[in-house]
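S.K.: show me the folded form of this:
(2 chains)
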Amino acid sequence: RKEVEQDPGPFNVPEGATVAFNCTYSNSASQSFFWYRQDCRKEPKLLMSVYSSGNEDGRFTAQLNRASQYISLLIRDSKLSDSATYLCTGGYQKVTFGTGTKLQVIP
Amino acid sequence: NAGVTQTPKFRILKIGQSMTLQCTQDMNHNYMYWYRQDPGMGLKLIYYSVGAGITDKGEVPNGYNVSRSTTEDFPLRLELAAPSQTSVYFCASGQGGSTEAFFGQGTRLTVV
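M.R.: Have a look, this model is predicted:
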């Protein structure tokens, strides 16, 4: 089983919509989790950390459910500029990525 | 701030040739990683290192070798290039799985 699994999408949503992605992880020893954003042909960049208590940054909310071993990312009021691939990570020692979820925000 | 620097940015290799992808970081991070990303796919971990002199295999290590003689450098070696190694290679560094990873800009490799 892969350490981190994501629905690859694509998710096509209209501007202004709310969209949510989930990511499951298999290693219960994983301590910290992150969401990264990757634009086409670019390197991934950190979007936000995921804390047990949840984490909100403007239109973005990340949550962790340890009991069910998944993390989530909620994007409210989607913008065209949110179109990208969103990658989750979980890892105890090494950083392992999910396959990424592609989001396309449509005008 | 340089961060993580990869060279070269682009390279075309012929089947059977060898090359080294260079990666250096100036953030004094103990952990360094090599990933490959095929078109439309996610990042797959090739090798990683938790400190100078220590390396370990990731998900897809076959066909590659690494070394970590210093904290700063983590080169990736392809000995006998094959078309299946055509990909974008990303190097990253950090302080372990519990912290953010910082990425280089990638090396686009084509094997023909």
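S.K.: going forward, measure contacts between C-alpha atoms and count neighbours the same way
M.R.: OK.
S.K.: show me what contacts residue 100?
M.R.: In the absence of a named chain, this looks at chain A. By C-alpha atoms under 8 Å, 6 or more residues apart in numbering or on different chains, the contact list for A:G100 reads A:6-8, A:85-88, B:41-42.
S.K.: should've been chain B
M.R.: A:34, A:46, B:94.
S.K.: in stretch A:73-87, which residues are buried?
M.R.: A:73-76, A:78-79, A:82-87 (16 or more other C-alpha atoms under 10 Å in any protein chain shown).
S.K.: actually stretch B:86-101, sorry about that
M.R.: B:86-101.
S.K.: what's the most distant pair in those?
M.R.: B:T86 and B:S98 (30.4 Å; C-alpha to C-alpha).
S.K.: give me the beta-bridge partners of A:L74?
M.R.: Beta bridges link A:L74 to A:A20, A:T61, judged by DSSP bridges.
S.K.: with adjacent residues omitted, what lies nearest to the residue of chain A found nearest chain B?
M.R.: Ranking the residues of chain A by distance to chain B (C-alpha to the nearest C-alpha) places A:T99 first, at 3.8 Å. Excluding its sequence neighbours, the residue lying closest to A:T99 (C-alpha to C-alpha, 6 or more residues apart in numbering or on different chains) is B:G42, at 3.8 Å.
S.K.: need the contact list for that neighbour.
M.R.: Here B:G42 is in contact with A:97-100 (C-alpha under 8 Å, 6+ apart).
S.K.: ok, how many other residues are close to A:F97?
M.R.: 26 (other C-alpha atoms under 10 Å in any protein chain shown).
S.K.: which residue, other than its chain neighbours, is closest to it?
M.R.: Per C-alpha to C-alpha, 6+ apart, closest to A:F97 is A:T89, 4.6 Å.
S.K.: what packs against the strand or helix carrying that neighbour?
M.R.: Secondary structure from DSSP states H and E places A:T89 in strand A:84-91. Packing contacts for strand A:84-91, counted by 3 or more C-alpha pairs under 8 Å, 6 or more residues apart in numbering or on different chains; DSSP states H and E, involve strand A:4-6, strand A:32-38, strand A:96-97, strand A:101-106.
S.K.: give me the element the residue most central in space within chain B is part of.
M.R.: What sits nearest the mean C-alpha location of chain B, by C-alpha atoms, centre = their mean, is B:W34, with 3.1 Å. Assessed by DSSP H and E, B:W34 sits inside strand B:31-37.
S.K.: got the angle for the helix or strand following that strand vs strand B:31-37?
M.R.: Moving toward the C-terminus from strand B:31-37, the next helix or strand (DSSP H and E) is strand B:43-51. Using axes from the mean of the first three to the mean of the last three C-alpha atoms, to 10 degrees, the inter-axis angle of strand B:43-51 relative to strand B:31-37 is 160 degrees.
S.K.: kind regards, and thank you for your time.
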